[in-house]
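Peer 1: my questions are about this predicted structure, shown below with the sequence.
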Amino acid sequence: MEISALTTYHCLAFVWYFFVVYSITHVRTEERPSEVFLYGGQWKYLTVLNLVLQAVFYGVSFLADVLRLIKKLRCAKCVISSRDLLFSVLAFPVSTFVSISFWTLYTYNRELVYPKSLDGVIPLWLNHAM
């Protein structure tokens, strides 16, 4: 893939994840059930933490692509190695674990991972974006 197309993809993905994280933090709290966000708020859910991790990863990837485009090789090497480390140690394993564990538990018992009381709090589009 050409570097400019990859840069555009990383920029769009970063903006999307940043927007979703921003939207999650601004969910109306007056309609929420009291037992759902009792301790830790929305930050106790692995899917929200995974969204933040993905936003950070795509932000670092976008920065690495921009540095490669403007030929800042010394800085780019450090950022690229940081991006690779972030992906291999955190982003991929955490995303895989969250996805597999969420859908396994959701299939077994929906109330364990996504109570029906959240349907009225979190909009449908935001739920699917997560």
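Peer 2: Good, I have the coordinates. Residues are numbered from 1 along each chain as shown.
Peer 1: which strands and helices lie in contact with the lowest-mean-pLDDT helix or strand in the chain?
Peer 2: The helix or strand with the lowest mean pLDDT-type score in the chain, counting by mean pLDDT, DSSP states H and E, is helix 124-129 (a mean of 77). Helix 124-129 sits against helix 3-25, with contacts defined as 3 or more C-beta pairs under 8 Å, 6 or more residues apart in numbering; DSSP states H and E. From N, CA and C alone the C-beta is placed, and that goes for glycine too.
Peer 1: I'd like to know how far the spatially most central residue of the chain sits from residue 65.
Peer 2: Taking C-alpha atoms, centre = their mean as the criterion, residue 51 is the residue nearest the geometric centre of the chain, at 1.6 Å. When distances are taken as C-beta to C-beta, to the nearest Å, residue 51 and residue 65 turn out to be 21 Å apart.
Peer 1: now swap in residue 82 and tell me
Peer 2: Residue 82 sits 13 Å away from residue 65, going by C-beta to C-beta.
Peer 1: so between these two, which is more surrounded?
Peer 2: Under the neighbour definition other C-beta atoms under 10 Å, residue 82 and residue 65 were set side by side, and residue 65 has more, 23 against 13.
Peer 1: contacting residues for the more buried one?
Peer 2: With contacts defined as C-beta atoms under 8 Å, 6 or more residues apart in numbering, the neighbours of residue 65 are 3, 6-7, 10.
Peer 1: of those residues - the most surrounded one?
Peer 2: Neighbours here mean other C-beta under 10 Å. Within those, the largest count is held by residue 10, at 21 neighbours.
Peer 1: how far away is the residue lying closest to residue 113 once chain neighbours are set aside from residue 116?
Peer 2: By the measure of C-beta to C-beta, 6 or more residues apart in numbering, the closest residue to residue 113 outside its immediate chain neighbours is residue 105, 4.6 Å from it. Shown here: residue 105 relative to residue 116, a distance of 15 Å by C-beta to C-beta.
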